[in-house]
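Trainee: Here is my input, please return the structure:
(chains A, B, C and D)
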Amino acid sequence: MASKFEYNQEALKNLQIEDPSILDRLIDGESARQAHLKKERGKVDKRMSLKEAVQEFVKDGDIYADSGFSYVRTPLQALFEVMRQGKKNLQGIGSPNTNHSYGIHYGTFKYSHNSYLGAEMRGTDRSYSKAVKEKKVKILSEWSHGAMALGFKAAQLGAPYLACKSMIASDMVKYNPYVKVVDNPFKKEKDPVCLVPALYPDVVFIHVQWADKYGNARIYGPAVNDIALAAACRKVIITAEEIVPESDLRNTTNTNVIPFMFVDAVVHLPYGALPGNCPGYYYWSREFWEWGIRIALSGKDDKYLESFWDYWVFSCKDQFDFLEKLGGVRWLNKHQVIERALNGTNEDDGIDLSYESVIPKWDEE
Amino acid sequence: MASKFEYNQEALKNLQIEDPSILDRLIDGESARQAHLKKERGKVDKRMSLKEAVQEFVKDGDIYADSGFSYVRTPLQALFEVMRQGKKNLQGIGSPNTNHSYGIHYGTFKYSHNSYLGAEMRGTDRSYSKAVKEKKVKILSEWSHGAMALGFKAAQLGAPYLACKSMIASDMVKYNPYVKVVDNPFKKEKDPVCLVPALYPDVVFIHVQWADKYGNARIYGPAVNDIALAAACRKVIITAEEIVPESDLRNTTNTNVIPFMFVDAVVHLPYGALPGNCPGYYYWSREFWEWGIRIALSGKDDKYLESFWDYWVFSCKDQFDFLEKLGGVRWLNKHQVIERALNGTNEDDGIDLSYESVIPKWDEE
Amino acid sequence: MSVAPANPLEMLAYVVSRHIKDKQIVYVGTGLPMVGAILAKKTHAPNITLVYESGGQDPIEGPMPWSVADPVTWRKSPITMEMALSFAQAANGYVDVAFQGAAQVDMYGNLNTHIIGNDFLNPKARLTGSGGGNDLISLTENTVIVGLQTPEKFPAKLDFITSPGHLYGGNSRKEAGLLGNGPVAVITQIGVYDFEPVTKRMRIKSLHPGITVEIAQACTGFELLVPEGEIPVTETPPPDVLEVLRNEVDPQKIFIAFPPR
Amino acid sequence: MSVAPANPLEMLAYVVSRHIKDKQIVYVGTGLPMVGAILAKKTHAPNITLVYESGGQDPIEGPMPWSVADPVTWRKSPITMEMALSFAQAANGYVDVAFQGAAQVDMYGNLNTHIIGNDFLNPKARLTGSGGGNDLISLTENTVIVGLQTPEKFPAKLDFITSPGHLYGGNSRKEAGLLGNGPVAVITQIGVYDFEPVTKRMRIKSLHPGITVEIAQACTGFELLVPEGEIPVTETPPPDVLEVLRNEVDPQKIFIAFPPR
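Mentor: Purely as a prediction, here's the structure:
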C-alpha cells in the first residue's frame, strides 16, 4: 500500500518494515483533525462504564498511547480491561511506554514505538527482550523521551513538525523512520537539527483525580504528556477517581487542563491507577512491581508470566477485585496515608514503606 | 555588520532594513542560553524596587516584550517607569503589542515587531500610524498573533523552530524577514508550511498576582504568552500584587507557572497593571482607555499626546500617584467589586460599568 | 407593545447569530461577532461554546465583554488556555466557525487589517495588523466575515493581504496549504454573501429589506455574482429577539448603538 | 565510635555528591545519581535545586524516592512541569549538570541503553531504550556519567549509540549540532575520569584507594589515557558523611546495599 509520507529509508530497512503505510496514522494530522471535527460538540453526559468505553473506543490495530508516567497516574486498570477484552495488534506508544509490554504475549500489542520500557532501578523488562527476539513484537520506531514528548507537543500546538536538539547523532535516527536530521535553514553556519513530526495516536485513556460528566478534567501532580495527548489523540477517554459537578471545576479554572470538547467518554473509575500511584489518593504497590519484575517481566518460561497476569488481570473483573487481592481496605488506607505523607500533606513521621508479602511467589515454586 | 542568520531578502528590501544584524538577537537561541546559564542559581531574595529593576535590567536598544494581553495583567506601571527613566531605542514585541506605541514619541521605542496595535472596538492607534509615516518608528517584522505565540512557545520548548499553518499566502511573509514558507518534508504531496523560529526577547516584565521573593510565581486568569516568555527572555522581572511566603506557593503546585530560576528580579508592585485589569484584583479603567484613544492615540497634534502622557506618566512618580489621579480609594474599591463580580466571585446584581469623567478632556479645550 | 425596527448594527448582530447552530464551538473576535454569538446563545443556540483568543472559553453568562480579554470572557471558565493553544484548538479541528471583521474584503474573501494605501512604509493609514485574524481564517474549519460594506471596504484589490480567504479563487486556497474551508459567508449591513463553489467569488445570497442588486453592487468595488432566480430577502429579527439583544445582550449599547459611538 | 568503611556503591554515591557544587541546578536520573544528589543537598550543597524528568523540581525534604516519578520528587514543589518543558529547561540553559547511568560507555563518553549484541532485531538483550538519557546529554551544559566499570560495560565499540557524548572525539560533538559541553566526568567503583581536552578521550583523573592504573585498565575495554605525574587517590567519605548517607539519605538501603539487592 502506498504511503502518503516520506520516511527515512535506512530506518525502514533496518527495522524491516516492508509496508510503511502502517506508520502513517501516527503522523496523519489531517485525519486527526477530521476525527476531532466529528466529535460531539455539545455538553452531554459522556459517562459510561469502563467495559463500554473499551468496547466502543479501542479498535484492533489502534495506536494506543500510555499516559501518566509508568506507574504514576497511568490508567493501568483501563489497560487491564483492554487485555481482558482481547483487543489485538495495538501499536504501543508513550513517553515512557513501560506498560505496553504486558499485553504482547496475548497479542494485545504487536507494535512498538519505543522510548523507555522498564522499571528504572527495579530492573529491565526481560519479557520485552524475549518478545523482541521471538518476533512477537515489531518495533516501528525508537525515540528519546524528550523527542517523543515534543512530537505530542507539536500536535497539541497544531504545528506539523518542529526542530529539536535531541536524537541528533544517535543511532536512534537509524531506527526511527519518522525523524529527519537536517540543517537549520535559519542559520548561516551549519547547524544540524532533528525534525520531529506532530504525533497523533489513535486512542488514549487519561486517569485524572477529578472530571465532570462532560469531560472537563483536572490533574494533581505532574501532568507529564497528558495535556498534549488529550489535544492530539483521535479518541480520548477520561477515567477519574471522582466525578465532580461542573461548578467545582469552574472554581478552579487555572488548575484544569483538559476541556470537555476533547473528550469522547468519561469513566468513573476509583482506584483506576492501581497498582500505580494516584497523586493525592494512594501510593503504588511496591510489592506488585517487585514481583511483577521478578515474575511477569523476568523473561523466564511463559508459565510464570501467564500465572502473574492470570492472577492480576484475567481473574479480576474490575479494579475492586484487584484491590481486594492487594489487601483490601487495610492496604488501601495504609497507601492513602503513605501517599499523603509523601505529598507533604499528612504528618510524615514514621512513614513505613516496607511491605508484607501477600503476593504468591510463583518463581520460588 | 554581518548577520549570523538567513533572512528573507524580499522582506529586508520591503522593510528597508539595511543592516540585518539588528534582527539577530531575537532569534539567537545560543546567546539566550548563555544569558540563562549566567543567572543566579541559588534561592536568594531577589526583591528590589521598580526603579532599581528598570535601571538594572532595561538597556537602551533591548528587545522589550509586552506581556499579558493589552490591558489585562500587563505590567503597564513598569512600562511607564521605563518611559520615565528615558530608556531609548527599544524594540517592541508582543502578541498583542498594543502598548509599545506609547513611548515612540519619546524615543523609548524605535523598532516594532508587530502583531496587533490598537484597542479593539475602541479604535485603532492613530498615533502609531502617524509615527510610521513620520519614520519615528521602524517596523522590523509583521506577525499574526498565533505565529508569534508559536515563536515564543518554540523558545520555551527548546525547539529552534517549528512549522505552522498561519501566515502562509499572506503579505505578512513579505514583511517578516524571519519566517519562511517551505514545503513540508514529511509529506509526499505538496504541503506548504510556514517555519517560525524560536523567539528570544531580551527583557520582559511579567505582572502576576502572587510571587515569592525568589521569583516563583502564580497567575490567576489567562496566562496568554507569559509562561513561554518567562522561559525565553534573557531577563525576566516579576512584578507582583503580593509577595507571599514560599510555603504558600508550595501548597498550590499545579497552579504555579514560573519557576524561580527564570527570574532576575522580583518587584512588589501592587496596582502594577493599572490602568489595565488585574484578574481577581481590579477591573481596568474604561475611562482611561476611552480618553487615551481620543487623545494620546488620536494622531492629532503632538501637544495632545504630550499632555496625556505628562499627566499620566511623567508627573506620576509611581503607581500610587497614578491611582490617586484615577480616583483613589473610591475608584479602587469600585473596581475591585466590579472585577470580582465579573469573575463570578462577587454578587453581580447591578454591576455598574458607567463612569464619571474625572479625566481632563484635553481635546475639547 | 411595538418594538422599534432593527438598526443596521442590530441587523448585523442578528444575522451573525443566525449563522450559528446550536452546540457549535464558536471562536469570536471583538465587537459585532461577540454580540451576535452571545445573542445566539441567549436565543436559539444555548449550548454553543464560545472561545476567545486571550484564552477564555465557555464562560458562564455575564455582562457584555468590552474586549476579547475581558474578565467576562473567562468568567468561571472550566479552563483557560495559553494563546498558542487557543489557536491550536482551531488547527486541531476543535472549532466549528470563527467570525471576524476587516478594514477591507475582496471578492475572494481575503482580508486586510494592515494598511490603507499601497506604500507599506508610508501608508495613508496604518491599521492594527493581524492580531488573531490571520490565524483564524487560516486554521478554522469555517469563517464568517462581518463588516460594513462600502466600495472602499470591498475593493477590487486589497492594499495588503493580512488574512487569506480563497486567495485567487478556484483551488488556490487549498494549494497554498491552508486548513479548512476558508470564508463561507460575508455579512454586512447590505446583505449576506456566499462564495460560488468553483470560482470562489463572492455571490449574493440574500439582501436586506429594501436593498436591490443595484444598491449592493454600488456598495462594492468589484463585480458581485448574482444567483439565478429571485434573490431572497434576509430574515429580520423578530421583536422578541430584538428585545433580548437590546435589553440583555448589550443593554449599554456599547456595540449596537447606531450611529456607532 | 567507629564507622564501617564505604562499600563500592556508597563510594560512588559520595563521589557523585562531590561533583555537585552548592546552588547548582541538578537534573537527576534514578538510582545512584539521585542518592548522590540528595547526599550533596544534605551535606555541602544545601541550596541546590533538583530537577526530575517526570516534572517535579525543588521538592521539600522527604524519604528517598523509589523512582524519578515518586511523589517525593515533587513534594510540595513550587512548580511541576510537563515532560517536554522539563527537558526544555536543560535546552534553555537552566540546568547546570545532569547525572546518568548506562549499560555501556565508550572512550568518548557515548552511551548505550538500547541493546547488547550487534543485531538490533535479534539482540542478546534488549534494554530500556533512551528514556531521558539522550535528551539530557544532548541538551544539558554538563553531564556526569555514573556506573559500574567492567570491560563489557566500557567496550571499545558500543553496540548502539543511544546518547551522544563526544562522538568521535575532537570537535565532532559540536559539529553534530549538540548543545553544551557533553560529558565532563565519569564516576565508577574504580575511579573518576575526565576527557582530555583535544582528543576528548577518557582519561584517569583519580583512582579509588587500592586501585592501580593496571587494575583500572583491566576493567576497561579501551585504552584509558593516563595523566602525567602522580595519579590522585579519590577522596573517601568521612564518617559523618557516611552516617548521613546511611541513616538519612537511604536508610532502607534501596540503592546502597552491596551487593545490590
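
Trainee: Show me where chain C has its strands.
Mentor: Along chain C, the stretches classed as strands by DSSP state E are C:25-28, C:49-51, C:97-100, C:104-105, C:111-112, C:115-116, C:125-126, C:143-146, C:183-187, C:191-195, C:202-207.

Trainee: For chain B, find the nearest of those strands.
Mentor: For chain B, the closest of these is strand C:125-126, at 3.8 Å, according to CB to the nearest CB. Quick note: C-beta positions are derived from backbone N, CA and C, even for glycine.

Trainee: What is that closest one packed up against?
Mentor: With contacts defined as 3 or more CB pairs under 8 Å, 6 or more residues apart in numbering or on different chains; DSSP states H and E, strand C:125-126 has these neighbours: helix B:126-133, strand C:115-116.

Trainee: where's the shortest one relative to the chain centroid, distance-wise?
Mentor: Centre-to-centre, strand C:115-116 and its host chain are 20 Å apart (CA atoms, centre = their mean, to the nearest Å).

Trainee: Is the residue nearest to A:Leu162 when sequence neighbours are not counted part of a helix or strand, or is it coil?
Mentor: Spatial nearest neighbour of A:Leu162, excluding adjacent residues (CB to CB, 6 or more residues apart in numbering or on different chains): B:Leu162 at 3.7 Å. Under the three-state scheme (DSSP: H, G, I helix; E, B strand; the rest coil), B:Leu162 adopts strand.

Trainee: quick one: B:Leu162 and chain D, what's the gap?
Mentor: Separation of B:Leu162 from chain D (CB to the nearest CB, to the nearest Å): 12 Å.

Trainee: how about the helices of the stretch 151-261 of chain C, start to end?
Mentor: Ranges of helices in the stretch 151-261 of chain C, per DSSP state H, counting those that start in this stretch, are C:172-176, C:213-218, C:239-244.

Trainee: can you give me the strands for the stretch 51-200 of chain A?
Mentor: Assigned by DSSP state E, counting those that start in this stretch, the strands in the stretch 51-200 of chain A fall at A:63-66, A:90-94, A:109-114, A:138-142, A:161-164, A:180-183, A:192-197.

Trainee: With only the CA atoms kept, save the second one in CSV.
Mentor: By that I understand strand A:90-94. The C-alpha coordinates for strand A:90-94 follow below in CSV (Å, rounded to 0.1, in the frame of the first residue of the first chain):
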residue,chain,number,x,y,z
LEU,A,90,-2.3,-2.5,19.0
GLN,A,91,0.6,-0.2,18.4
GLY,A,92,2.0,1.0,21.8
ILE,A,93,3.4,4.5,22.2
GLY,A,94,4.2,6.6,25.2
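
Trainee: what does it contact?
Mentor: With contact meaning CB atoms under 8 Å, 6 or more residues apart in numbering or on different chains, strand A:90-94 is reached by A:22, A:26, A:58, A:60-67, A:82, A:100-101, A:103, A:108-113, A:115, A:140, A:148, A:199, A:201, A:225.

Trainee: and the residues you listed near chain B, which?
Mentor: Near chain B, taking CB under 8 Å from any CB of the partner chain as the test, no member of those is found.

Trainee: Filter those down to the buried ones, ChimeraX style.
Mentor: Only the buried entries of these go into this ChimeraX selection, using 16 or more other CB atoms under 10 Å in any protein chain shown:
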select /A:22,26,58,61,62,63,64,65,66,67,82,100,101,103,108,109,110,111,112,113,115,140,148,199,201,225
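
Trainee: ok, back up a step: which among the helices and strands packed on strand C:125-126 is found nearest to C:Glu61?
Mentor: helix B:126-133 (35.3 Å; CB to CB).

Trainee: List the contacts of whichever residue of chain C sits closest to chain A.
Mentor: Closest approach between chain C and chain A, counting by CB to the nearest CB: C:Ala91, at 2.7 Å. Shown in contact with C:Ala91 (CB under 8 Å, 6+ apart): A:33, A:157-158, B:164-165, C:139, C:179.

Trainee: And A:Val137, by the same measure?
Mentor: If a contact means CB under 8 Å, 6+ apart, then A:Val137 has A:101, A:104, A:109-112, A:128, A:131 as its contacts.

Trainee: From what I see, A:Asp171 and D:His114 are in contact.
Mentor: Yes. Here A:Asp171 reaches D:His114: they are 7.3 Å apart, a contact under CB atoms under 8 Å.
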